[in-house]
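Sequence below, structure please.
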Amino acid sequence: MTTANPQPLRHFHVPETAWVERQMPRFTGAEREAVLQRIKALLQERDAVLVAHYYVHEDLQRLAEETGGCVSDSLEMARFGRDHPASTLVVAGVRFMGETAKILSPEKRVLMPTLEAECSLDLGCPADAFAAFCDAHPERTVVVYSNTSAEVKARADYVVTSSIAQRLVAHLAGRGEKILWAPDRHLGHYIRETTGADMVLWDTTCVVHDEFRARALEDLRREHPEAAVLVHPESPARVIAQADAVGSTSQLIQAARELPHETLIVATDSGIFYKMHQEVPHKTLLAAPTGGRSATCHSCAHCPWMAMNGLGNLLHVLEHGGNEVHVEESVRQGALRSTQRMLDFAQGRQTPVLGHGDA
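A predicted model of the protein is given here:
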């Protein structure tokens with residue numbers, strides 16, 4: 001069963017990835033090398049560490065690696081930042097990732113190259129509308145994806161990442177709990193189908209993964225019958241149905257290493273290719289087909305908001321400050337509680353049985 005949202009979602013503008021990339025400063029030759037060296041020096045001077053998501057430009061991923069930072073998924077970015085001795089975390093990603101870092105590390109300064117880097121799942125699940133949705137289903141355990149605002153996390157019973165969502169929901173369902181899921185309906189549908197859980201779903205999708213096309217993928221598979229298909233579960237069901245491996249960003253990289261296939265068709269943000277090429281340099285990586293480079297294609301397999309992170313605005317925030325992430329303390333405490341429940345579950349500690357109204 002899928003439940004419609006209780007009120008129309010706010011409309012938001014999705015910038016075209018190509019347009020965003022044209023606005024970013026371009027550095028070449030000696031100028032680019034000077035920028036890189038200046039950023040490295042400033043990270044040391046500011047007692048800062050750079051944590052970057054798999055989907056940002058490879059320049060930032062490489063820079064994080066070279067300076068002792070982290071390239072990973074959103075939760076591992078936050079955990080790395082929490083455990084790192086640096087007093088300042090610089091988060092290259094989208095806004096909810098900076099918030100997650102602040103939720104786990106309130107004593108640290110959290111900066112981002114830009115605070116304009118949003119996420120369609122976050123924007124598509126505003127806290128006030130989500131609260132009304134929860135109020136309409138008070139008997140359900142509220143499980144939200146990490147791609148949400150701190151306010152939404154604070155309203156939830158559990159936060160999950162794509163790597164642990166199935167296992168946690170299956171555990172809750174095994175205890176007889178009914179689930180309210182938000183925000184990605186494709187991921188929610190996949191979890192419901194694979195766990196058998198009783199779930200109502202919020203109705204929002206990722207602008208990147210929603211663009212993958214099942215029929216075009218079938219055509220590409222016919223052209224490359226030797227290829228394995230790797231799919232992120234935020235993708236439509238007919239795309240997931242063709243997968244040899246379904247999983248989070250980290251799980252897809254692991255599958256690329258472990259599968260024997262020499263050709264891989266990858267249905268997630270193309271930013272992941274940098275890390276995949278490192279792990280399997282001998283394999284051929286093909287991007288799964290999207291809606292095409294037309295007026296209807298928001299992302300063309302690359303998040304336009306991730307594309308807002310670049311060397312230029314990273315240098316600017318390190319030189320001049322600003323773009324600091326703040327989370328109001330009462331909200332942070334609520335979001336930490338729901339996030340900590342997931343962390344406890346991942347570490348093998350029993351999840352609590354929640355009563356009505358528990359958060």
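
Please look at residue 236 and residue 211 and confirm they touch.
No - applying Cβ atoms under 8 Å as the test, residue 236 and residue 211 come out as separate, 9.3 Å apart. C-beta coordinates here come from the backbone N, C-alpha and C atoms, glycine included.

gap between stretch 192-211 and the chain center?
15 Å (Cα atoms, centre = their mean, to the nearest Å).

Would you mind listing the buried residues in that stretch?
For stretch 192-211, burial by neighbour count (16 or more other Cβ atoms under 10 Å) applies to 192, 195, 197, 199-211.

Would you mind giving the domain segments of this structure?
Following automatic domain parsing, one finds the domains of the chain at 29-115+306-328, 121-206+332-346, 209-287.

distance between the ends of the longest one?
I take that to be domain 29-115+306-328. 43 Å (Cα to Cα, to the nearest Å).

Might you calculate how far it sits from the centre of the chain?
Centroid separation for domain 29-115+306-328 versus its chain: 16 Å, with Cα atoms, centre = their mean.

re earlier: and the domains of the chain as CSV, adding mean pLDDT?
Below are those laid out as CSV (pLDDT from 0 to 100):
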stretch, mean pLDDT
domain 29-115+306-328, 95
domain 121-206+332-346, 96
domain 209-287, 96
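
So for residue 300, which of those sits nearest?
With Cβ to Cβ, the closest approach to residue 300 among those belongs to domain 209-287: 7.2 Å.

Not counting its neighbours along the chain, what's nearest residue 288?
residue 267 (3.7 Å; Cβ to Cβ, 6 or more residues apart in numbering).

how far away is the one you found from residue 205?
14 Å (Cβ to Cβ, to the nearest Å).

can you check residue 24 too?
As judged by Cβ to Cβ, residue 24 and residue 205 stand 26 Å apart.

then stretch 149-160 to PDB, C-alphas only?
What follows is stretch 149-160, C-alpha atoms only, in PDB (Å, rounded to 0.1, in the frame of the first residue of the first chain):
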ATOM      1  CA  SER A 149      16.700  17.400   6.900                       C
ATOM      2  CA  ALA A 150      17.600  17.500  10.600                       C
ATOM      3  CA  GLU A 151      14.000  18.400  11.400                       C
ATOM      4  CA  VAL A 152      12.700  15.400   9.600                       C
ATOM      5  CA  LYS A 153      15.200  13.100  11.300                       C
ATOM      6  CA  ALA A 154      14.200  14.600  14.700                       C
ATOM      7  CA  ARG A 155      10.500  13.600  14.000                       C
ATOM      8  CA  ALA A 156      11.600  10.000  13.100                       C
ATOM      9  CA  ASP A 157      12.100   6.900  15.300                       C
ATOM     10  CA  TYR A 158      14.900   5.600  13.100                       C
ATOM     11  CA  VAL A 159      17.200   7.100  10.500                       C
ATOM     12  CA  VAL A 160      18.600   4.600   7.900                       C
END
